[in-house]
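S.K.: here's a sequence, model it:
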Amino acid sequence: MRCVECEHVDEIIFERTRCWFFLPTSDACERLLAMLRRKDLEPAGVEGNCIEITVRGTAMDGVVTALFGELNKKELQETRVLTTAGEDPTPQAMGRVMPADVFANRVKGAWLVEALEAQTYDTWYQPIVHADPAAGTAPFAIEGLFRMRDASGSNIPPGYVFQLAEHAGLLFSLDIAARASAVSRAAKSGYKGRLFVNFNPSSIYDPAYCLRTTASTISALGLTPGDITFELTETHRIQDKDHLKGILAFYRQAGFKVALDDIGSGWSGLNLLHEVRPDFVKIDMDLVRNIDRDPLKQSIVEHLISISREHNIAVIAEGVETEREAEILRQAGADYLQGYLFARPAPIEELSGLSLSG
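M.R.: Numbers count the residues shown, from 1 in each chain. I've put the predicted structure just below:
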């Protein structure tokens, strides 16, 4: 599931980094100049609101820390930064121009680039079970959940990793790594069954190209498109619905299934429900939590399930932690359940009830 454009991360810091700051105002330019001089960094040139400096080694970390303190949020967003390894900028280098806030987060998040290159990450899995106990104890499917490790081998909170990646302009690279890890890790374990793979639609540049690479990778691992359900995440941030529908059309025509996450958490998910027409919907865990003690939540969930059933959409309730919550959801008509009540996320070999042939 490799995509060269998505995975490529340009270097921006070098042993000798030549750096240009393009400031939005003369006041911001003067303040940045004063800050650089306080740090004994004499600019190589100043023209208009553009400052050129050369920074050696790891000194850039201190520069970006001071940058956050000197410029306000709007100024950071409007300032542009370009770096080279000492040479004059080329037309190709201009493609690396980025906002100062993204640049600063890239410098502070250098460990994230290193972790992606060293592949110090893994995928843990959580089962999705049949709501009807008569269907047996074997999971209906498993969901892949990305886990990145620090230098000591401890897991870094996924929310923090993805938030930093977004702020540092690395979401494309991280999301493709997470999808590839979810599929390859499951395949290599010998798992034979349905797999839910989290999917941020904003991380797809070219759906036709990414579909070819995805399909070829899945085939090489001995899986079929019918085994894979792409679970749309961060739906509240989707700006271009036509782009999203185009992506999903490519994937569905190839035989993949689609799940819509966090239904019930806001209007965005409900609006997407009728536009996307997914194969599965996942009821937001905030609606599931303590549903047995909240008649309003019960009513909302019952209506969401009724709407889904009318349109042949299967319903998964996630975040189930108690047997009483599970019972209420069964009575409401949920098709599948997921949560700590059944299993916490874990390496695939540690999950019970799975058929692994590897």
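
S.K.: low pLDDT regions in this protein?
M.R.: Residue ranges of the chain with pLDDT under 70: 1-8, 202-214, 234-239, 264-270, 355-358.

S.K.: all strands for it, in order.
M.R.: Assigned by DSSP state E, the strands in the chain fall at 16-22, 45-47, 50-56, 80-84, 98-99, 121-130, 141-149, 155-156, 194-199, 228-232, 257-263, 280-283, 314-318, 336-338.

S.K.: quick check: which of those is buried the most?
M.R.: strand 280-283 (a mean of 28; mean count of other Cβ atoms under 10 Å). (Each C-beta comes from the backbone N, C-alpha and C, glycine too.)

S.K.: now that one - C-alpha only, CSV.
M.R.: Only the C-alpha atoms of strand 280-283 are listed here, as CSV (Å, rounded to 0.1, in the frame of the first residue of the first chain):
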residue,chain,number,x,y,z
PHE,A,280,-21.4,0.3,8.0
VAL,A,281,-21.9,3.1,10.5
LYS,A,282,-20.3,3.3,13.9
ILE,A,283,-22.3,5.0,16.6
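
S.K.: other SSEs contacting it?
M.R.: strand 228-232, strand 257-263, helix 295-310, strand 314-318 (3 or more Cβ pairs under 8 Å, 6 or more residues apart in numbering; DSSP states H and E).

S.K.: again, only this time at 10 Å
M.R.: With contacts defined as 3 or more Cβ pairs under 10 Å, 6 or more residues apart in numbering; DSSP states H and E, strand 280-283 has these neighbours: strand 228-232, strand 257-263, helix 267-276, helix 295-310, strand 314-318, strand 336-338.

S.K.: looking at the ones you listed, which is closest to Asp101?
M.R.: With Cβ to Cβ as the measure, helix 267-276 is the member of these nearest Asp101 (24.8 Å).

S.K.: need the contact list for Gly144.
M.R.: Contact analysis of Gly144 by Cβ atoms under 10 Å, 6 or more residues apart in numbering lists 123-126, 178-179, 181-186, 195-198, 231, 345, 348.

S.K.: in a markdown table: the strands of the chain, plus distance to Ile300.
M.R.: Below are those laid out as a markdown table (distance: least, Cβ to Cβ, whole Å):
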| stretch | distance to Ile300 |
| --- | --- |
| strand 16-22 | 49 |
| strand 45-47 | 59 |
| strand 50-56 | 54 |
| strand 80-84 | 46 |
| strand 98-99 | 40 |
| strand 121-130 | 21 |
| strand 141-149 | 23 |
| strand 155-156 | 33 |
| strand 194-199 | 23 |
| strand 228-232 | 21 |
| strand 257-263 | 10 |
| strand 280-283 | 9 |
| strand 314-318 | 12 |
| strand 336-338 | 17 |
